[in-house]
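Chemist: Kindly return the folded structure for what I paste below:
(2 chains)
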Amino acid sequence: MPSNLAGAETEAVGQRRGVWQGMAAPGLGWLVLLFLVPFYAILATGMGGRDPIFNQVQPAWNPLDWNPQAFIDVAKELFGGYLGPTAVRTIAYVFIACLLCILIGYPMAYLVSRKAGRWKGLLLLIIIAPFWINYLMRMMAWVNLLSPDGQINKIIGFFGVPPVDWLAGNHFVVIMGLVYGYIPFFILPLFAALDRIDNQVLEAARDMGASPAQTFWRVTVPLSKQGILAGLVIIALPMFGDYYTPNLLSGSPRTRMIGNDIDQLLNATASGTGQGAALTIYLMLFVGVLMIYYLVNVSRAAKEARR
Amino acid sequence: MTATTVQPGQIAEGGAIRRMRGWMANPWGQTRFLWVFAWLFAIWSIVPVALAIMFSFNAGRSRSTWQGFSTRWYWSDPRSVVNDESLLAALGQSLRLAAITMLIATPIGVALAIGLARWRGRGAKPAAFLMTLPLVTPEIVMGVSLFLVFGYLYDFIPFGTPAQALGHITFTISFVVIIVRGRLFAIGRDYEEAAMDLGASQWGAIRRVLLPMLSPAIFASLAIAFALSIDDFVISMFLTSDASSMTVPVKLYSAIRNAPPPSLNALASIMLAVTVLAVSVATIVMKRGKKRTGEGGSAMETLVQMEI
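Modeler: Model prediction:
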């Protein structure tokens, strides 16, 4: 078709004159200066030395000046030092919270996408509403409920149970807070995946003699696997770096997560900055696998959208 | 359940057991169970926040005992949002950052989206990859990186509003690209090429054909950028200088555990109202834009996709 030829020609002209590169340049420059360079700053700070007089960290911008002392110190603390239990606790919290998100989120997403009928709109709104409510406000709501004179204690007091101090190092409360905070981000991609499944596929399975249970376990679940995995990555990434949820819902050292240590090392002590940076890099390496998986998935989805 | 106890017909309550058995075989077949579960979930999800909003209208100082309706925590009490300078300042800071972020991140993001969608050849793939990185980087890593770079390298940029605005723009740009890119793929290149066949220059085609067609997505980007900025906590927290640059989430974080009066609930409720307004505008505009071009799919779907 002639218009296609002309299109190819104009595209080529655009490429040659660098129109597209020119349009992308400000955004890319911004991301280099304020995303890549800052990221390098973490590495340079972790590899930096100490100012002998002020005991402050001096980032080593030149890789030839790198001094891995902070990385070694943090690694020692992670394996056998004070950071070890925190790291294990963080992994356990995230694991349990993810498990609970699947157990609660899958039935919910399944119902809304496939069985809700005329209630679909309302339930979808209930699922999406938390996206518009600030995370801190949602945590504040639970602090109100769980405070010593809060509604939860009033309810259990009605049954004669003495008030409980929920907000002082309760593992269950912190995990519940994580689930409450992040489950919308799990349900939504899962909902999208389940909603995309063609009813005809399920009918075909039934026609070929599969029981409802077999259809569910062998057709619906495998078809929604991508959604489950995407949702898990989306919630696990921020959970691993979370420090505000345990701070607000407990504040006790018993429920510290690795994010609390990063936050404290960076903010509280000038001499801890290098170690905080090193710990951030370790965290980044740990969650890197999740990030790469997610990126591969996203680029595949983008390719499909282009088709 | 052992096999001997469920011999069919052997027990009087065989019906109940059969039903139980049927449920075990296919837990999702019986939607009654799912419905109970769904409404419990809805209550768990919504009621805590609804109570927090309700107690912002409490007549007394308590945030758990209802003492009658009043708007004193919004404007009349000396510690109300309007009269407590620290709360008012937080609201101002949040709105200021959101406005700056919206106005700078949107044009940069739109241009980046167009550039990345059309640019072929060497450099295009790494550029697209760089754009997606901020979407998957944990917020704490981004917060730490900006904290260190403004502290040790770009130390001519002070903490507080300048650093916070730069940080917010950085993580918002990629979201703008995602929104605009979806629309670009939907439009295709035919209109632009037709314009150029008719004699428009490259820039003319972009400015007079492509940008007007993108306007719903651009408008939605403005609203989403605003909402993302106003919602942010981690970046704002790492880049605050002093009390004057506290945003609403930072203020909430620092005050929640110190037995604050209900004015804190009022502050959070005002923020929620602002965010709902921004997102509603985005949803309506996107829906209308789609109707005009006769595309399928709901605006909700686009928003769902965007979150992924």
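Chemist: can you count the residues close to residue B:250?
Modeler: Neighbourhood size, residue B:250 [other C-beta atoms under 10 Å in any protein chain shown]: 24. Glycine gets a C-beta too; all of them are placed from N, C-alpha and C.
Chemist: contacting residues for it?
Modeler: Counting by C-beta atoms under 8 Å, 6 or more residues apart in numbering or on different chains, residue B:250 touches B:90, B:233, B:236, B:237, B:240.
Chemist: now do 7 Å
Modeler: Residue B:250 sits next to B:233, B:236, B:237, B:240 when contact means C-beta atoms under 7 Å, 6 or more residues apart in numbering or on different chains.
Chemist: same thing with residue A:272?
Modeler: Going by C-beta under 7 Å, 6+ apart, residue A:272 touches residue A:265.
Chemist: ok, now how distant is it from residue A:66?
Modeler: 19 Å (C-beta to C-beta, to the nearest Å).
Chemist: Could you export the contacts of residue B:250 as TSV, including secondary structure and distance to chain A?
Modeler: Shown next, in TSV, are the contacts of residue B:250 (DSSP: H, G, I helix; E, B strand; the rest coil; distance: C-beta to the nearest C-beta, whole Å):
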residue	secondary structure	distance to chain A
B:233	coil	6
B:236	helix	11
B:237	helix	8
B:240	coil	10
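Chemist: Out of these, grab the one that's most surrounded.
Modeler: Of all the contacts of residue B:250, the highest neighbour tally under other C-beta under 10 Å goes to residue B:236, namely 27 neighbours.
Chemist: Leaving out the residues flanking it, which one is nearest to it?
Modeler: Computed as C-beta to C-beta, 6 or more residues apart in numbering or on different chains, the closest residue to residue B:236 that is not its neighbour in sequence is residue B:247, at 4.6 Å.
Chemist: State the phi and psi torsions of that neighbour.
Modeler: phi -90, psi 180 (degrees, to the nearest 10).
Chemist: show me the contacts for residue 66.
Modeler: Defaulting to chain A. Contacts of residue A:66 (C-beta under 7 Å, 6+ apart): A:47, A:60.
Chemist: not quite, I wanted chain B
Modeler: Here residue B:66 is in contact with residue B:58 (C-beta under 7 Å, 6+ apart).
Chemist: ok, now how distant is it from chain A?
Modeler: Residue B:66 is 10 Å from chain A, where distance means C-beta to the nearest C-beta, to the nearest Å.
Chemist: Adding pLDDT as columns, could you present the contacts of residue B:250 in a markdown table?
Modeler: Converted to a markdown table, these look like this (pLDDT from 0 to 100):
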| residue | pLDDT |
| --- | --- |
| B:233 | 93 |
| B:236 | 94 |
| B:237 | 92 |
| B:240 | 91 |
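Chemist: give me the number of residues near residue B:46?
Modeler: Neighbourhood size, residue B:46 [other C-beta under 10 Å]: 16.
Chemist: er, residue B:191 actually
Modeler: 14.
Chemist: same deal with residue A:297?
Modeler: 15.
Chemist: Leaving out the residues flanking it, which one is nearest to it?
Modeler: Nearest non-adjacent residue to residue A:297, counting by C-beta to C-beta, 6+ apart: residue A:230, 6.1 Å away.
Chemist: ditto for residue B:232
Modeler: Among residues not flanking residue B:232 along the chain, residue B:168 sits closest, at 6.1 Å (C-beta to C-beta, 6+ apart).
Chemist: In contact with that neighbour, which residues?
Modeler: Going by C-beta under 7 Å, 6+ apart, the list of residues near residue B:168 reads B:97, B:101, B:229, B:232, B:235.
Chemist: Can you list the buried residues in stretch A:18-33?
Modeler: For stretch A:18-33, the neighbour count (16 or more other C-beta atoms under 10 Å in any protein chain shown) marks A:19, A:20, A:21, A:23, A:24, A:26, A:27, A:28, A:30, A:31 as buried.
Chemist: near chain B, from these?
Modeler: A:19, A:20, A:21, A:23, A:24, A:26, A:27, A:28, A:30, A:31 (C-beta under 7 Å from any C-beta of the partner chain).
Chemist: wait, which of the residues you listed is closest to residue A:142?
Modeler: Closest to residue A:142 out of these is residue A:31 (35.8 Å), distances taken as C-beta to C-beta.
Chemist: Double-check that closest one against residue B:128; I have them as touching.
Modeler: No - applying C-beta atoms under 7 Å, one finds residue A:31 not in contact with residue B:128, separated by 11.3 Å.
Chemist: which of the residues in the host helix or strand of residue B:264 are buried?
Modeler: Taking DSSP states H and E as the criterion, residue B:264 maps to helix B:263-293. Neighbour counts over helix B:263-293 (16+ other C-beta under 10 Å) mark B:263-272, B:274-275, B:278-279, B:281-283, B:285-287, B:289-290 as buried.
Chemist: Please give me every residue in contact with the residue nearest the centre of chain B.
Modeler: Most central in chain B under C-alpha atoms, centre = their mean is residue B:228, positioned 5.0 Å from the mean C-alpha point. Residues near residue B:228 by C-beta under 7 Å, 6+ apart: B:172, B:175.
Chemist: Backbone dihedrals for it, both of them.
Modeler: The phi/psi pair for residue B:228 (degrees, to the nearest 10) is phi -60, psi -40.
Chemist: quick one: residue B:135 and chain A, what's the gap?
Modeler: In terms of C-beta to the nearest C-beta, residue B:135 sits 8 Å off from chain A.
Chemist: tell me the contacts of that residue?
Modeler: Counted by C-beta under 7 Å, 6+ apart, residue B:135 has contacts residue B:174.
Chemist: Quick one: classify it as helix, strand or coil.
Modeler: Following DSSP: H, G, I helix; E, B strand; the rest coil, residue B:135 is assigned to helix.
Chemist: still on that earlier bit, neighbours of the residue nearest to residue B:236, how many?
Modeler: Around residue B:247 there are 31 residues (other C-beta under 10 Å).
Chemist: do you know how far it is from residue A:139?
Modeler: If you go by C-beta to C-beta, the gap between residue B:247 and residue A:139 works out to 15 Å.
Chemist: Now residue 146. Nearest residue, chain neighbours left out?
Modeler: Since no chain was named, I'll use chain A. residue A:166 (3.9 Å).
Chemist: Can you look at chain B instead?
Modeler: Closest to residue B:146 by C-beta to C-beta, 6+ apart is residue B:167, at 4.7 Å.
Chemist: For the closest residue to chain B within the stretch 201-307 of chain A, give me the pLDDT.
Modeler: Nearest residue of the stretch 201-307 of chain A to chain B: residue A:241, at 3.3 Å (C-beta to the nearest C-beta). Listed pLDDT for residue A:241 reads 90.
Chemist: Check residue A:4 too.
Modeler: Looking at residue A:4, its pLDDT is 49.
Chemist: Who are the contact partners of residue B:128?
Modeler: Neighbours of residue B:128 in contact, by C-beta under 7 Å, 6+ apart: residue B:116.
Chemist: Against residue A:162, how distant is residue A:153?
Modeler: For residue A:153, the distance to residue A:162 - C-beta to C-beta - is 9 Å.
Chemist: tell me which element the residue nearest to residue B:146 is part of?
Modeler: helix B:161-187.
Chemist: got the buried residues for that helix?
Modeler: Here helix B:161-187 shows B:161-184, B:186-187 as buried, counting by 16+ other C-beta under 10 Å.
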